[in-house]
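K.L.:
got a sequence here, can you build the structure:
(2 chains)
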There are 2 protein chains.
Amino acid sequence: MSADWFDQMPKTHRWLVGVSGGADSMALLNLLVDQGFRELVVCHLNHRLRGAAADDDADFVANAADRLGLSVEMGTADVPSLMQKSGISLETAAREARQDFFANCASRWQCPRVILAHHAEDQAETVLWNLLRGSHGCRGMQRERTMGDLTYFRPLLGVRRAELRDYLRSKGLPWREDASNAEPIAVRNRLRNEAMPLLAEISGRDLVQALGSAAESDAGLREIAAFALHQAEVRDPQGRLHLPKMRTLPVALQKAALVAFLADAGVGDISRRTISCCIELLSPEGPTAVDLANGKRLRRRAGRLLVESQHGQELD
Amino acid sequence: MSADWFDQMPKTHRWLVGVSGGADSMALLNLLVDQGFRELVVCHLNHRLRGAAADDDADFVANAADRLGLSVEMGTADVPSLMQKSGISLETAAREARQDFFANCASRWQCPRVILAHHAEDQAETVLWNLLRGSHGCRGMQRERTMGDLTYFRPLLGVRRAELRDYLRSKGLPWREDASNAEPIAVRNRLRNEAMPLLAEISGRDLVQALGSAAESDAGLREIAAFALHQAEVRDPQGRLHLPKMRTLPVALQKAALVAFLADAGVGDISRRTISCCIELLSPEGPTAVDLANGKRLRRRAGRLLVESQHGQELD
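P.N.:
Here you go, the predicted structure:
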């Protein structure tokens, strides 16, 4: 079960582990201990979404950590009121609460590494959800992802949910049945309970595996694209986009270079439409400037593209 | 409606157009005529899947072409018996029959260009189907694709089915209601009638648009990957894979280079698993050969990878 990852990671380092008390994270925790990881900090967040049951989850996790001789970090975030206050979705509020919680744990324990229990079914649902949202192709979660100072690891992305439960049963280990559903997100649940079974039935194939390979293929293509963009060296020493170099690239790479350039310049809301307008600037016969969000403007000057304010001042 | 494509293509050239008589292809045909394309050859294939109705389809298409003053090519393929004889699926048999038909038309008319009426809904279903099959990520159809001597064009990939029917209605033009379903493929129909509506309802978004952008994003990434592979120049003058160069590349690009190399060497059945084994050859401490399909073998020798027979003879 993901033996590679467990073999390769240094077991004497300290690691934070996200543990809800549900089957997935209890399996992860016990697998890590089995594999010889000793410096684990069990991190449990109460999202205030499960009422009194949440206190039982917390007790359950604290007891499990205690039996394994591991340290515990307990946190509470009032996700419902966070949602209301900021007018964000439950999914976003829960994610932000978790990021804050792990950032706090990381700073208290001087440990920038978090292990999470997402498995193959979670990955499949993520791919499908990203696809339906239309903004991320068929991107999945990454096995290793650095955000700010923290790196998140997901060693179980290739492991099926049933394998994790089999493992717990074979060891006689308990879990809290609903704790892993700490975020009862309506859309996610409908994807899991309605869409996935229908699609699997129609295709007659292993849908979780199919969506998992789509995510892997997508991740590989993105890795290549990042490399190609780096190799293309499209910025001049002042950090402007160098048009003669841009023009040697295929259109898709020109667009990727523009997206990266505008993001670095702090331009928000970079839509596909915006990029199509900006691409016109590459042609010497095209327009010489395109208005962007936040009062910014992309201008062609002397064979370069640069971002300026709408008063014509160049921005770093 | 896809005005760009219609504007850019030379209207005085000869073009083959696939016309079933259904709304999509009738709209395409009339749009092309509206836009000033004159040298069109209307190509209609009877798949022998619609019994007597197929003859009415053929008459309908012939009459429409006649009214427009266009040439017609009528073909017949016995798809059901093709399926039985070769033991292939209906989808594959129908595709092969169409390819043969267009190849014949192309050679009779000395015209290597075919225009097809696939639209945004067709594209969305293709993305979903590829995703469920698990072998092609979320790849869609391409706007322009060369296969052998023929190039297929799909100018309507961004246009919605309803727009095409609105266009026909606004012009008072008739079509054959079921002719576009000349291939009643069970899986496709279930995707269209069951999966797509459920997914659209769950996501609450425009699913056709979402799947269309996933296909576009995927096509862009593949364009970049092909460029990156070309730029990487991983083959030596003898066409072998140059390991010192390979080792400077990210893993995903190494894998892409291996896939292309093995495909060029005529190795069939290049699975993800095969590639993972072959990647081990890159390491000087790894194995020195990996057995492949068809009695072939990939060997590391003197800083190169080459394909040889299992008797140790190098293959071109």
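K.L.:
pLDDT below threshold where in the stretch 101-250 of chain A?
P.N.:
Along the stretch 101-250 of chain A, segments meeting pLDDT under 70 span A:179-185.
K.L.:
please repeat the previous calculation with a cut-off of 90.
P.N.:
A:133-138, A:177-189, A:205 (pLDDT under 90).
K.L.:
all strands of it, in order?
P.N.:
For the stretch 101-250 of chain A, strands defined by DSSP state E, counting those that start in this stretch occupy the ranges A:113-115, A:144-147, A:150-153, A:241-242.
K.L.:
between the ones you listed, which one is closest to chain B.
P.N.:
strand A:144-147 (12.9 Å; C-beta to the nearest C-beta). Where C-beta positions appear, they are placed from N, C-alpha and C, glycine not excepted.
K.L.:
burial count for residue A:6?
P.N.:
Residues lying near residue A:6 (other C-beta atoms under 10 Å in any protein chain shown) number 16.
K.L.:
what's the answer for residue A:144, then?
P.N.:
By other C-beta under 10 Å, 11 other residues sit near residue A:144.
K.L.:
hmm, it is touching residue A:153, no?
P.N.:
Yes. At 5.6 Å, residue A:144 counts as touching residue A:153 under the criterion of C-beta atoms under 8 Å.
K.L.:
which parts of the strand ranked longest in chain A are buried?
P.N.:
Longest strand in chain A by number of residues, with DSSP state E as the criterion: strand A:39-46. Within strand A:39-46, the residues that count as buried by 16 or more other C-beta atoms under 10 Å in any protein chain shown are A:40, A:41, A:42, A:43, A:44, A:45, A:46.
K.L.:
how much space between the fifth one and residue A:62?
P.N.:
Counting by C-beta to C-beta, to the nearest Å, the gap from residue A:44 to residue A:62 is 8 Å.
K.L.:
one more: the second one?
P.N.:
Remark: distance between residue A:41 and residue A:62 (C-beta to C-beta) = 13 Å.
K.L.:
shared neighbours of the two, anything?
P.N.:
Shared contacts of residue A:41 and residue A:62, defined by C-beta atoms under 8 Å, 6 or more residues apart in numbering or on different chains, comprise residue A:72.
K.L.:
show me what from the stretch 151-300 of chain A comes close to chain B.
P.N.:
Applying C-beta under 8 Å from any C-beta of the partner chain, we find that the stretch 151-300 of chain A lies next to chain B at A:187, A:190-191, A:194-195, A:198-199, A:202-203, A:205-207, A:209-211, A:213-214, A:216-228, A:231, A:249-253, A:255-256, A:272.
K.L.:
mark which of those are buried, thanks.
P.N.:
Neighbour counting by 16+ other C-beta under 10 Å classes A:187, A:190-191, A:195, A:198-199, A:202-203, A:207, A:210-211, A:213-214, A:216-228, A:249-250, A:252-253, A:255-256 among these as buried.
K.L.:
show me those residues that map onto helices.
P.N.:
A:187, A:190, A:198-199, A:202-203, A:207, A:210-211, A:213-214, A:216-228, A:252-253, A:255-256 (DSSP state H).
K.L.:
now do the shared contacts for residue A:44 and residue A:62.
P.N.:
By C-beta under 8 Å, 6+ apart, residue A:44 and residue A:62 have these common neighbours: A:72, A:74.
K.L.:
ok, back up a step: any idea which of the buried residues of strand A:39-46 is closest to chain B?
P.N.:
So of these, ranked by how close each gets to chain B (C-beta to the nearest C-beta), first place is residue A:45, at 27.1 Å.
K.L.:
hmm, the closest one is touching residue A:99, no?
P.N.:
No. Using C-beta under 8 Å as the test, residue A:45 is too far from residue A:99 to be in contact (10.4 Å).
K.L.:
identify the residues contacting the residue nearest to residue A:222 when sequence neighbours are not counted.
P.N.:
The shortest distance from residue A:222 to any non-neighbouring residue, by C-beta to C-beta, 6 or more residues apart in numbering or on different chains, is to residue B:221 (6.7 Å). Residues counted as contacts of residue B:221 (C-beta under 8 Å, 6+ apart) are A:137, A:218, A:221, A:222, A:224, A:225, A:252.
K.L.:
one more: residue A:102?
P.N.:
Neighbouring residues of residue A:102 by C-beta under 8 Å, 6+ apart: A:16, A:18, A:43, A:114, A:150.
K.L.:
as JSON lines, the strands of the stretch 101-250 of chain A with distance to residue A:305 would be great.
P.N.:
Output for those, formatted as JSON lines (distance: least, C-beta to C-beta, whole Å):
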{"stretch": "strand A:113-115", "distance to residue A:305": "38"}
{"stretch": "strand A:144-147", "distance to residue A:305": "29"}
{"stretch": "strand A:150-153", "distance to residue A:305": "33"}
{"stretch": "strand A:241-242", "distance to residue A:305": "4"}
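K.L.:
closest to residue B:4 out of these?
P.N.:
Across those, residue B:4 has its closest neighbour in strand A:241-242 (24.5 Å, C-beta to C-beta).
K.L.:
now that closest one: how far from the chain's centre is it?
P.N.:
Mean-position distance between strand A:241-242 and its chain equals 30 Å (C-alpha atoms, centre = their mean, to the nearest Å).
K.L.:
residues near residue A:290, how many?
P.N.:
By the criterion of other C-beta under 10 Å, residue A:290 has 20 neighbours.
K.L.:
that one and residue A:277 touch, don't they?
P.N.:
Yes. Using C-beta under 8 Å, residue A:290 is in contact with residue A:277, at 4.9 Å.
K.L.:
with just CA atoms, put stretch A:261-271 into PDB.
P.N.:
The C-alpha coordinates for stretch A:261-271 follow below in PDB (Å, rounded to 0.1, in the frame of the first residue of the first chain):
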ATOM      1  CA  PHE A 261       3.500  36.900 -16.200                       C
ATOM      2  CA  LEU A 262       0.100  38.500 -15.300                       C
ATOM      3  CA  ALA A 263      -0.200  36.400 -12.100                       C
ATOM      4  CA  ASP A 264       3.300  37.500 -11.100                       C
ATOM      5  CA  ALA A 265       2.300  41.100 -11.800                       C
ATOM      6  CA  GLY A 266      -0.600  40.700  -9.400                       C
ATOM      7  CA  VAL A 267      -3.300  40.900 -12.000                       C
ATOM      8  CA  GLY A 268      -6.400  39.200 -10.700                       C
ATOM      9  CA  ASP A 269      -9.100  37.400 -12.700                       C
ATOM     10  CA  ILE A 270      -7.100  36.100 -15.600                       C
ATOM     11  CA  SER A 271      -9.800  34.600 -17.700                       C
END
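K.L.:
same question for that stretch, mean pLDDT?
P.N.:
Stretch A:261-271 shows a mean pLDDT of 87.
K.L.:
does the residue of chain A positioned farthest from its centre belong to a helix, a strand or coil?
P.N.:
If you look at how far each residue of chain A sits from its centre, by C-alpha atoms, centre = their mean, the farthest one is residue A:285, at 40.8 Å. Classification of residue A:285 using DSSP: H, G, I helix; E, B strand; the rest coil returns coil.
K.L.:
tell me which two in the buried residues of strand A:39-46 are the farthest apart.
P.N.:
In those, two members sit farther apart than any others by C-beta to C-beta. They are A:40 and A:46, at 19.7 Å.
K.L.:
next up, phi/psi of the residue in the stretch 51-200 of chain A positioned nearest to chain B, please.
P.N.:
Here the stretch 51-200 of chain A gets closest to chain B at one residue, residue A:134, 2.9 Å apart by C-beta to the nearest C-beta. Dihedral angles of residue A:134 (phi, psi; degrees, to the nearest 10) stand at phi 80, psi 10.
K.L.:
residue contacts, it?
P.N.:
If you count contacts by C-beta under 8 Å, 6+ apart, then residue A:134 has B:205, B:206, B:209, B:210, B:211, B:213, B:214 around it.
K.L.:
now do residue A:248
P.N.:
Contacts for residue A:248 (C-beta under 8 Å, 6+ apart) come out as none.
K.L.:
picking up where we left off before, which one of the contacts of residue A:102 has the most neighbours?
P.N.:
When the contacts of residue A:102 are compared by neighbour count (other C-beta under 10 Å), residue A:43 ends up highest, at 28 neighbours.
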